[in-house]
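# the sequence and its predicted three-dimensional model are supplied below.
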Amino acid sequence: GVQVTHDDYRQFFIPGQQVYQGRTYMIEGDVSSATYFWGLAALLGQEMCVTNIPANSAQGDLGVVDVLEQMGCTVSRGAELTVTGPSQLQPLGEIDLNALPDGAMTVAVLAAFCPGVTRIRNVWNLRVKETDRIQALANELRKIGAVVEELPDGLHIEGDPARLHGAEIATYDDHRMAMCFGMAGARLPGIRIQDPACVAKTYPGFWDDLQAVGVQVRSR
């Protein structure tokens, strides 16, 4: 009930008022974290439903489900969002993922499993996150056997699932690096994640939730 005015959303003005009213809010789940489970569906050709994320959510990374459709997945946008993976993922060609600030990382890892070229562009801002994520993704994708060229604003990935294999993955103290490659470990035996506890920044229960959906996770 509080009255708020603003200057083109650059400044907000909230004068003292005596009108506060309690109410109920629905707090959506985090779409960036959900992308790893939709990614599991894509990698394994299975169905995955993530609850508490409406299909009309304003979170930018919801665009990942549109990208998954381009890769051959089926998406059901009912009361919950459900992704069903295909028998074989398809490459994306050139794609602008600027609107997917974190989901672009999920797409990059999935692209390694698509036979063909995916060229992710206009994500230069990934270089100024917890780590230089473009460089980090290129380094770790190469470790699992992917052919990757680092671009100033993205990645050129030549996918070939037959060429991929397990490896020890550096996480650069970056929670999303750990979760992206944890997702890949559902498909690739022998993926070992350094410093898995770094997921605590945003998703401390990630490894438990992976196990809950049937992914085997072992700690050293």
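In hand now; what should we look at?
# low-confidence stretches in the protein?
Along the chain, the parts satisfying pLDDT under 70 run over 220.
# where do the helices sit along it?
Per DSSP state H, the chain carries helices over the ranges 31-44, 63-70, 103-111, 133-143, 175-184, 206-212.
# those helices: which one's closest to Gln90?
Closest approach to Gln90 among the helices of the chain is made by helix 63-70 (7.4 Å; Cβ to Cβ). Just so you know, the C-beta spots here come from the backbone N, C-alpha and C atoms, and that holds for glycine as well.
# what does that closest one contact?
Contacts made with helix 63-70 from outside it, assessed by Cβ atoms under 8 Å, 6 or more residues apart in numbering, are listed as 31, 35, 38-39, 42, 73, 75, 77, 81, 83, 90, 92, 95, 97, 99-100, 103, 106-107, 110.
# report the buried members of those residues.
Burial of these was assessed by neighbour count (16 or more other Cβ atoms under 10 Å); the buried members are 31, 35, 38-39, 42, 73, 75, 81, 83, 92, 95, 97, 100, 103, 106-107, 110.
# how about the strands in the protein?
Using DSSP state E, the strands assigned to the chain run over residues 5-6, 12-13, 47-50, 74-77, 81-84, 93-96, 116-121, 147-151, 154-159, 168-169, 192-193.
# can you say which of the ones you listed is packed in most?
Neighbour counts averaged per stretch over those are highest for strand 154-159, at a mean of 23; criterion: mean count of other Cβ atoms under 10 Å.
# could you check the angle strand 147-151 makes with that strand?
Relative orientation of strand 154-159 with respect to strand 147-151: 170 degrees, computed using axes from the mean of the first three to the mean of the last three Cα atoms, to 10 degrees.
# check which helices and strands strand 154-159 is in contact with.
helix 103-111, strand 116-121, helix 133-143, strand 147-151 (3 or more Cβ pairs under 8 Å, 6 or more residues apart in numbering; DSSP states H and E).
# so which of those comes closest to Thr202?
Nearest to Thr202, of all those, is helix 103-111, at 12.9 Å by Cβ to Cβ.
# packing partners of the closest one?
For helix 103-111, where contacts count as 3+ Cβ pairs under 8 Å, 6+ apart, the packed elements are helix 31-44, helix 63-70, strand 116-121, helix 133-143, strand 154-159, helix 175-184.
# list the buried residues for the fourth one?
So the one you mean is helix 133-143. By neighbour count with 16+ other Cβ under 10 Å, helix 133-143 contains the buried residues 133-134, 136-141, 143.
# run the chain-centre distance for that helix.
From the chain centre to the centre of helix 133-143 is a distance of 15 Å (Cα atoms, centre = their mean, to the nearest Å).
# start at 19, not 1
Okay, residue one is now 19; in that scheme the one you just asked about reads as helix 151-161.
# isn't Thr53 right up against Ala126?
No - with contact taken as Cβ atoms under 8 Å, Thr53 and Ala126 are classed as non-touching, separated by 11.4 Å.
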